[in-house]
Structures are given as structure tokens and as C-alpha cells.
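Asker: Sequence plus predicted model, see below.
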Amino acid sequence: MANNLVIVESPAKAKTIEKYLGKDFKVLASYGHVRDLVPKEGAVDTENGFVMKYAVIDRNEKHVNAIGRALKKCDALYLATDPDREGEAIAWHLYEILRERGLLKDKDVHRVVFYEITRNAVGEAIRAPRELSSDLVNAQQARRALDYLVGFNLSPLLWKKIRPGLSAGRVQSPALRMIVEREAEIEAFVPQEYWSIEADVAKDGTEFIARLAEYKNEKVKQFSFTSEKEAREVEQALVQAAHGKLKVEKIEKKQRRRRAPPPFTTSTLQQEASSKLRFGAQRTMRVAQKLYEGIDTGDGAEGLITYMRTDSVALAAEAVENVRAVIAEHFGKDSVPEKPNTFRTKAKNAQEAHEAIRPTSASRTPESLKGHIEEDQLKLYTLIWQRTMACQMVPAVYDTVTLGLLAEDKQGAAIRLRANGSVLVKPGYLAVYKDKAESAGGDRILPPMQEGEDIDLLKVRPDQHFTEPPPRFSEASLVKVLEEYGIGRPSTYANIISTLVSREYVELENRRFRPTDVGKIVNGFLTDHFDRYVDYDFTARLEDDLDAVSRGEKDWVPLMENFWSPFKERVTDKDKSVTREQVAKARNLGTDAKSGKPVSVRMGRFGPFVQIGSKDDEEKPKFAGLRPGQKMDEITLEDAMELFKLPRKLGETPEGEPVSASVGRFGPYVKYGSKFASIKNDDPYTITLERALEVIAEKKEADANRLILDFPDDG
């Protein structure tokens, strides 16, 4: 019978680990977090040292009970949850529950951590247990308390001032601000015209391209020529000066080395999986979790990658040795550098996961896993394996040539052009891992030539360009910027993004984020009235403070006090002083020709709408909801007046009931008599009577079936 009980988060991990440990160990899963703050006001007692009121999560009560029953039959408890702040908190919460239930008396309790689920790693962890880290637990509790206090105080304010169901978060709100500010940049962007001058040139029949580099003794820059007239003048001057020939003034040869990229952290894995595999952040983490927890590839279940929530770019010494041996075997000894490549991590928190994401065995090639794991798993594993191999390979080496070409006019004024060529002479890490720069273009080979000789000028081509606005954020670029600002941590990036999407603050358009109308309104409210709390630097400093708590360098209670007092004051003040009208920020569209009243668009409790008149008029204003896809900042007076054509009279039902189509707070509908039927897939402005009658018939049939189900025949 097992004398030792081991607790991990997931049943998949439990199954894998139990096979490694043998009959003396029983392994159970906590199924994630076991306790959370009670979901009501006062869960964090701000008057008494921020004491927190916890309750066992309903869905996990049965798992906690199972752990308690199993522990009664065991002598020792090993808390083997994930090796980060969240994992430490789960271990602590479980410890506290079991202690409160009197189940730890005469039991040996150990905290064990491992960063990969392999027989060796798990065995070593069990043989080298430690105490629970109060610093890591305090950091997680402080983070949870901050998130609770922000959400529980700001969200009701949003419901009151904007509409129900909205939320604000300590980290999600600065991320929303980034997306909204980028959209504002795009909307305010004014394209600027500029021209470049290229020339088709040739040496002994081999053509290549040169670009204008100097004109009238000035270096050519992006905005040197801003009109076609200027560009044509340059074209004419070059043609006349060259007379069909350009002199090779200078040849500069260099060797350029491109160093291998570091192994993956959580954020760089999410970025590369997005750009190379088109995986969203959550999909990436879901697949990585499976690879980490263990998959049976024919020799029993084993973790295929190390822990996937990390901001470290370090690799364990034995892992580096394994990688270097595999590189030598697959790519040749000359692909292995004399000394292992090392990379500097930005992470200050040494107590978090201490390795980058890598395969648990470099010898396990992607090819060997084909047919054993799912397609998504193989794609992500391949990316991780290739990047890990690449990070310990020699640099890629290019031979580069820069060619200076010269034409002089009759007065001796110089016009200079430049051509660049490069040839990959030693692929190095590129043999296994192509990056963006390499994928964008291959070799550009220039023909051999000597300084002082002439080459042919075939054609001069002025090209018109316009500057482009900054691109909207993709998942990958948003994660990158969040990391650069120090906002969020490896375990939170995917959740930040999913929350913004699920709250309908942003929408994906061509895989890039565009803020919705409600997202813009929420951001406007927060930046106008809670500017400090959506400030990037403030959010990053708070993250740094939480990291300092986890290292034992700061006490978490003073940190909470410094945050809470001014925040609470701000919430109380804004609750009283800010009106819904101020927040809604109505935009005037013009005047209704019939009534002479103003027409505006604004945000309401059930979404954006247009309005004729104002609440101060004797006659009640007319309202109409926006159609799907219409944006508050894009709608025109003409668009708005179209919306007031509802309800549309369509005709009658066979029973003589009037039928009309309109839009209500829950979306478009048809009305027949005094009843309603939703038409989510139809347009109320174009729906026909025939289609409306079909919808009504379906609604009547569904209602009849519901009655039959509600009142079964007892006979």
C-alpha cells in the first residue's frame, strides 16, 4: 500500500508521475486552484491588514475531499504543484485546508518542484524537498488581492456609468489602452508622399538594382523627394550625367555574422507560434501544457518539453550538453560552437521557473514523434525543438558587398548610387531555424567587377510611395509590447488577451485587434478618471514590486496599503462626480431635416444607439440601435436616419396579425400581433414578409414543442 501521497494540478500529470514513482506513492490531482476569495464584498479586509476570506471552489470540493481521504492512509504528503507563484499558492491553499481539517497531524509535509516531467527530474525532486515559500505565496496573495480590489470596485462603476456586465482589470486595462491608442494613431494618420529613385544596371549582361544614395552633395533620405516633379528632375539629371554608363567608384567587402536567437520564453514562444503557426496565445499555451504534462509516445507517458511559463533564457548545463551532441550528430561538428552559447535573461525573479522552454530530450526529434502525437502538438514541438537546436549552433555567416556607383554632370557634380549584395556562405543555425529576416529574402548576388571600370545604366525608375500608419496589434506584437513595458507575466499574457476578447472590448480583424465602441468608451473613462491605474509605468512598477515580494525583498501589506488608500478615494470621488452623460461622450451627427432636432450617437446600457432630440425636450427623444458592424465613430447622419426607418411594416400573417421588423435591446426581431421572434441571422431592413412568416412558423412550432415537454401526457 502507498505510504506517500503526491499532489499535482492535473490528472494527466498525475498519471505520468505515478508510473515513475512506483507502488509506494499515490499521485492525485487538485484540478487547478482549490480555494479562491469568496465572491462577494469584503473578501479582502482592507481595515485589518488585508486578511483574505477564502472558500473551497465548488467544482473542486470533491477532489479536495478525495485528497483528504487518501492522506489518512499515508505518512507523508508531497505538494508537487507547478514551480511558480501560482503553483506555490495552490500548494499553500491545499496545505491550509488539510491543516484546518486536522488531517496533517503526524504527517510529514514536503514541497517539491520539477521543471520537466521525466523519471530523473521527478525522482530528484522527491529526494530533495523543501519548505513552502512564504515569499512566493505572499506575492501571489498580493496579486490576487489587488486584482480583486480593482475588479470589485471599478467594475460596478462601469456598470453604473456605462452599461452592465463590463469589467476593469489591473493588467487588462493598460493592455486595452495600448490597443485603443494604436487605433487613434491610425485614425489620425495622414499619409506623406515620397519618392525613391532606383536604377536597373548591368555588368556583362548580369542585371541588378542600384538605389540613389547622394544627390547635389547631400545624402538621400526618405523625404528628400516629395513630389513627382522633383523625382523626374533627378531622373533627367542622372540620365544626362551618365550617358548610359556608371563608374564603379568603390567596392566594400565584409563578412557579416548573425547570432542564433535565444531559446523560447513564454512570450517569445507565443509570438513565434502566432507568426509561424498562426496559433493564438491560448491555443499555444493549451498545446504546450499537453506537451509538458506527458504524452505516451510508445514507451510510456513522458513530458516532452520543460515548464512552459517562464521568462528565463537559460538552459541547464546537462541539457546544453545533450543539445550540442544532437547538433553534432544531425548537422555536423562544425555546426557546434567551441563554447556553449549563453544568453542574458531580463527576468529579475530567480525564484520563478529557472529554465527556458526546451525539449526534455534533444534526441527526441520531431520526426520520431510523427504518428504518436496530435498535429498541433507536433507543430509546436517542432518549433521548440528547432529553436533549441538553433540556440546552441554557430552563427550564420554572410559575405556582403556594397557597391558605390558614380555619375558626374558637366560641372563635375556627383550623383552617387549604391547596390548591396549578400551571399550566405555558412548557414550555421539557419540550417535548422529560419527567422523572419532570412525568410524575407535569399541571396542577392552581384557580378564580379573592379573599382574604376564602367557598367551599363539601363533604366532609371522613380517610384512613388506613401507612408503607412502603424499596424494594429496582433496577438504576437501585443504580447511583445506588454513584455517590453513589463506589464503582465508569463502566466498572464494569454488570459489578458482572452479577457479583452470575451468582454467584447476588442475584436479580431484579419488577425489583428481593433477596439470596439464599448472598448473605446471604457478606455476613455479609465484614462480620463483613473489615469494612474492604466499608466504603463505604474503598472510595470507594481509588477516589479510583486516580484520583489516573491524574492523576500518587500513586505506585501505596505504595498497593498500604498495602493488601496488613494485608489479607494478615487473610486468614491468618481462615483459621485462623474455622470453617465459625461462618460457616454455623445457625438453630434447633424440635424434632422423634419424636426430640426439634433441627431447624435452615444453608448447606452444595451449598446450604441442614435438619438433624435435630447432628454430636455418636451417630446421624448427617438432612439434606434446601430446595425451589426456599424461603428460609433464611423456612422454618418445619413446612416443614422436610415436606422429610424424601423419598425418596417411587412404585411400580415394568414390569421390577419400585423407583421413588422425592428431592432430591440436584444437584437433584431419580427413582431406578429403582440409576440416576437428573434431574427439574428436576418437583416430587419431587408427581410421579406415570406422570410418573416417562415421565422414565425418556426417560433410557433418551437413554442408548441416546449408546451408538450412542459405538460406530458399522464395517460
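Answerer: Done, it's in.
Asker: List the residues that contact residue 642.
Answerer: For residue 642, the contact set (CB atoms under 8 Å, 6 or more residues apart in numbering) comprises residue 685. Backbone N, C-alpha and C define where each C-beta goes, glycine included.
Asker: Phi, psi for it please.
Answerer: When read as degrees, to the nearest 10, the backbone of residue 642 gives phi -60, psi -40.
Asker: Measure how buried residue 531 is and give me the count.
Answerer: Look at residue 531: counted by other CB atoms under 10 Å, it has 12 neighbours.
Asker: Quick check: bridge partners of residue 466?
Answerer: Assessed by DSSP bridges, residue 466 has beta-bridge partners residue 193.
Asker: which other residues reach stretch 656-676?
Answerer: Here stretch 656-676 has contacts from 606-607, 624-625, 627, 646-653, 677-680, 682-685, 687, 689, 692-693, 695-696, 699, using CB under 8 Å, 6+ apart.
Asker: Looking at the residues you listed, which are in helices?
Answerer: Residues from the contacts of stretch 656-676 lying in helices, with DSSP state H as the criterion: 689, 692, 693, 695, 696, 699.
Asker: tell me which of the residues you listed is nearest to residue 134?
Answerer: The shortest approach to residue 134 among these belongs to residue 699, at 60.2 Å (CB to CB).
Asker: of the ones in helices among the contacts of stretch 656-676, closest to residue 265?
Answerer: Nearest to residue 265 among these is residue 695, at 52.0 Å by CB to CB.
Asker: Check what pLDDT the closest one gets.
Answerer: Looking at residue 695, its pLDDT stands at 90.
Asker: Check the one 4 residues further on too.
Answerer: Among the per-residue scores, residue 699 shows a pLDDT of 87.
Asker: Quick check: it touching residue 677?
Answerer: Yes - counting by CB atoms under 8 Å, residue 677 is a contact partner of residue 699 at 4.0 Å.
Asker: Any buried residues in stretch 75-89, and which?
Answerer: 76-89 (16 or more other CB atoms under 10 Å).
Asker: wait, I meant stretch 686-699
Answerer: Here stretch 686-699 shows 687, 692, 693, 695, 696, 699 as buried, counting by 16+ other CB under 10 Å.
Asker: cool, and stretch 7-17?
Answerer: Quick answer for stretch 7-17 (16+ other CB under 10 Å): 7, 8, 9, 10, 12, 13, 14, 15, 16, 17.
Asker: In strands, which of those residues appear?
Answerer: Using DSSP state E, the members of the buried residues of stretch 7-17 that fall within strands are 7, 8.
Asker: export the buried residues of stretch 7-17 to TSV and tack on pLDDT and distance to residue 634?
Answerer: Shown next, in TSV, are the buried residues of stretch 7-17 (pLDDT from 0 to 100; distance: CB to CB, whole Å):
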residue	pLDDT	distance to residue 634
7	97	54
8	96	51
9	93	46
10	91	46
12	88	47
13	91	49
14	92	53
15	90	53
16	90	53
17	93	55
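Asker: Wait, a helix at residue 478?
Answerer: Yes - checked against DSSP: H, G, I helix; E, B strand; the rest coil, residue 478 lies within a helix.
Asker: Neighbours of it, how many?
Answerer: Residues lying near residue 478 (other CB under 10 Å) number 26.
Asker: mind listing what it touches?
Answerer: Residue 478 touches 175, 178, 179, 497, 513, counting by CB under 8 Å, 6+ apart.
Asker: out of the residues you listed, which is most surrounded?
Answerer: Ranked by the number of neighbours (other CB under 10 Å), those place residue 175 first, at 30 neighbours.
Asker: How about that one: what's its closest non-neighbour residue?
Answerer: Nearest residue to residue 175, sequence neighbours excluded (CB to CB, 6 or more residues apart in numbering): residue 496, at 5.1 Å.
Asker: where's the one you found relative to residue 262, distance?
Answerer: Remark: distance between residue 496 and residue 262 (CB to CB, to the nearest Å) = 23 Å.
Asker: Next up, phi/psi of residue 523, please.
Answerer: For residue 523, the backbone dihedrals (degrees, to the nearest 10) come out as phi -60, psi -40.
Asker: Might you report the residue contacts of it?
Answerer: So residue 523 contacts 173, 176, 177, 180, 505, 515, 534 (CB under 8 Å, 6+ apart).
Asker: could you redo those residues as CSV and give each row distance to residue 99?
Answerer: Below are the contacts of residue 523 laid out as CSV (distance: CB to CB, whole Å):
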residue, distance to residue 99
173, 37
176, 40
177, 42
180, 46
505, 41
515, 47
534, 40
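Asker: need the next SSE after the helix or strand residue 87 falls within, C-terminal direction.
Answerer: Under the criterion of DSSP states H and E, residue 87 resides in helix 85-100. Using DSSP H and E, the helix or strand that follows helix 85-100 towards the C-terminus is strand 108-111.
Asker: quick one on the thing from earlier: any chance of JSON lines for the buried residues of stretch 75-89, columns pLDDT?
Answerer: As requested, these are exported to JSON lines (pLDDT from 0 to 100):
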{"residue": "76", "pLDDT": "95"}
{"residue": "77", "pLDDT": "96"}
{"residue": "78", "pLDDT": "97"}
{"residue": "79", "pLDDT": "97"}
{"residue": "80", "pLDDT": "96"}
{"residue": "81", "pLDDT": "95"}
{"residue": "82", "pLDDT": "92"}
{"residue": "83", "pLDDT": "90"}
{"residue": "84", "pLDDT": "88"}
{"residue": "85", "pLDDT": "87"}
{"residue": "86", "pLDDT": "90"}
{"residue": "87", "pLDDT": "92"}
{"residue": "88", "pLDDT": "94"}
{"residue": "89", "pLDDT": "94"}
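Asker: Looking at these, which one is closest to residue 306?
Answerer: residue 83 (9.9 Å).
Asker: Please enumerate residues in contact with stretch 176-188?
Answerer: Residues outside stretch 176-188 that contact it (CB under 8 Å, 6+ apart): 469-470, 472-473, 478, 481-482, 500, 505-506, 513-515, 519-520, 522-524, 526-527, 534, 536, 633.
Asker: Going along the chain, name the helices of the stretch 301-450 of the chain.
Answerer: Ranges of helices in the stretch 301-450 of the chain, per DSSP state H, counting those that start in this stretch, are 317-331, 366-369, 375-391, 436-440.
Asker: Over to the stretch 151-300 of the chain?
Answerer: 172-188, 228-242, 266-277, 281-293.
Asker: Nearest to residue 134, out of those?
Answerer: Closest of the helices of the stretch 151-300 of the chain to residue 134 is helix 266-277, at 25.1 Å (criterion: CB to CB).
Asker: What are the buried residues along that closest one?
Answerer: 266, 267, 268, 269, 270, 271, 272, 273, 274, 275, 276, 277.
Asker: any chance of these in JSON lines, with distance to residue 573 too?
Answerer: Formatted as JSON lines, the buried residues of helix 266-277 follow (distance: CB to CB, whole Å):
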{"residue": "266", "distance to residue 573": "38"}
{"residue": "267", "distance to residue 573": "37"}
{"residue": "268", "distance to residue 573": "42"}
{"residue": "269", "distance to residue 573": "43"}
{"residue": "270", "distance to residue 573": "38"}
{"residue": "271", "distance to residue 573": "40"}
{"residue": "272", "distance to residue 573": "45"}
{"residue": "273", "distance to residue 573": "44"}
{"residue": "274", "distance to residue 573": "41"}
{"residue": "275", "distance to residue 573": "44"}
{"residue": "276", "distance to residue 573": "48"}
{"residue": "277", "distance to residue 573": "48"}
